[in-house]
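A.B. asks: sharing a model that was predicted from the sequence below.
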Amino acid sequence: MKYAHNEKRELGPASEFSAEGMERKDRQPLLAVAALASGAALVVSILSGASLALTLALLAAVAGFTVAFKWSCAEAHERPVIKAQLVTGIVAGIMATGAYDLSRLLLVQLGGLNFSPFETFALFGRLIIGASAPGPAALAAGTAYHFLNGIAFAVSYCFLLGGRDWKLGILWALGLETVMVTIYPGWLKLEAVMKEFLTVSILGHLAYGATLGGFSQRRLSDREPTQMSPLTANGSLPSGAGKEKR
């Protein structure tokens, strides 16, 4: 019986065959940034005074080009992972946005607060389809944009952190909360209801993050690695892998 030389192969920390390397290959930072296009459009519009419809269209075009480029460059074993992250992000985004809105509604109703968190929907709609748009049309467009943002933020999270500890979803949502608190009060003149705004907004983002983190961890944590290798995580051959049959 012959035996292959039992050499130890040294693998660097960035090796595609290490467990850490495989985990990094599951992350899609370029796609994560592209998925933030709709939210970035609002920030640019508020800070610069540019048309939200225009900035949304431009950034969406850039995001679409980025996604097409990444997909065309992706290897065969990467595409199922990207698909899983995208689908999970869409479903998680719908669920998390629903939890976000429901928690805010319950707090306002049960707490008897004066702050109305849903007035921004019509405002979003008029920024997109025009200031003279009828109320129902503006509300419909703004609600759709609100859900688009909630889904896009979730997709971005899944591309970058999906499958990790669910508490990262809460940290992600609190990051979104930080951006909102930085921009919204001056934009919407919320000084008179600032305390209520913060209370409602923080609770909503906690609900969003917990839902997003929990769902994406369940759906993506058990996916198979993007690279299959006979090597173990520490770079050595598994037991019996070096033997040859007669």
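C.D. replies: Now that the structure is in, tell me what you want to look at.
A.B. asks: longest single helix anywhere in this structure?
C.D. replies: Counting residues, the longest helix in the chain under DSSP state H turns out to be helix 79-111.
A.B. asks: tell me what it is packed against?
C.D. replies: Here helix 79-111 touches helix 52-73, helix 135-161, helix 194-220, going by 3 or more CB pairs under 8 Å, 6 or more residues apart in numbering; DSSP states H and E. Heads up, the C-betas are built off the backbone N, CA and C, glycines and all.
A.B. asks: so which of those helices is nearest residue 102?
C.D. replies: Nearest of the helices and strands packed on helix 79-111 to residue 102, taken as CB to CB: helix 194-220 at 7.5 Å.
A.B. asks: and residue 171, how many neighbours does it have?
C.D. replies: Other residues lying near residue 171 total 12 when counted by other CB atoms under 10 Å.
A.B. asks: please renumber the chain so that the first residue is 882 from this point on.
C.D. replies: Okay, residue one is now 882; in that scheme the one you just asked about reads as residue 1052.
A.B. asks: helix, strand, or coil at it?
C.D. replies: helix (DSSP: H, G, I helix; E, B strand; the rest coil).
A.B. asks: local confidence estimate at it?
C.D. replies: With respect to pLDDT, residue 1052 has a value of 98.
A.B. asks: OK, contacts around the residue nearest to it when sequence neighbours are not counted?
C.D. replies: Leaving out its chain neighbours, the residue that sits closest to residue 1052 by CB to CB, 6 or more residues apart in numbering is residue 1090, at 7.2 Å. Contacts of residue 1090 were listed using CB atoms under 8 Å, 6 or more residues apart in numbering, and they are 977, 1050, 1051, 1052, 1053, 1054, 1055.
A.B. asks: pretty sure residue 983 contacts residue 1092?
C.D. replies: No: look at residue 983 against residue 1092 with CB atoms under 8 Å: they stay out of range, at 10.1 Å.
A.B. asks: who's more crowded, the two?
C.D. replies: Comparing residue 983 with residue 1092 by neighbour count (other CB under 10 Å), the higher total belongs to residue 1092, at 25 against 12.
A.B. asks: that one contacts residue 984, correct?
C.D. replies: No: Residue 1092 lies out of contact with residue 984 (CB under 8 Å); the separation is 9.6 Å.
A.B. asks: any regions of this protein where pLDDT drops low?
C.D. replies: Filtered on pLDDT under 70, the chain yields the residue ranges 882-906, 1103-1127.
A.B. asks: which of the helices or strands spans residue 1063?
C.D. replies: helix 1048-1069 (DSSP states H and E).
A.B. asks: buried residues in that helix, which are they?
C.D. replies: For helix 1048-1069, the neighbour count (16 or more other CB atoms under 10 Å) marks 1049, 1050, 1051, 1053, 1054, 1057, 1058, 1061, 1062 as buried.
A.B. asks: compute the inter-axis angle for it and helix 1016-1042.
C.D. replies: Angle of helix 1048-1069 versus helix 1016-1042, following axes from the mean of the first three to the mean of the last three CA atoms, to 10 degrees, is 140 degrees.
A.B. asks: thinking again about what came up before, centre of the chain to the longest helix of the chain, how far?
C.D. replies: 10 Å (CA atoms, centre = their mean, to the nearest Å).
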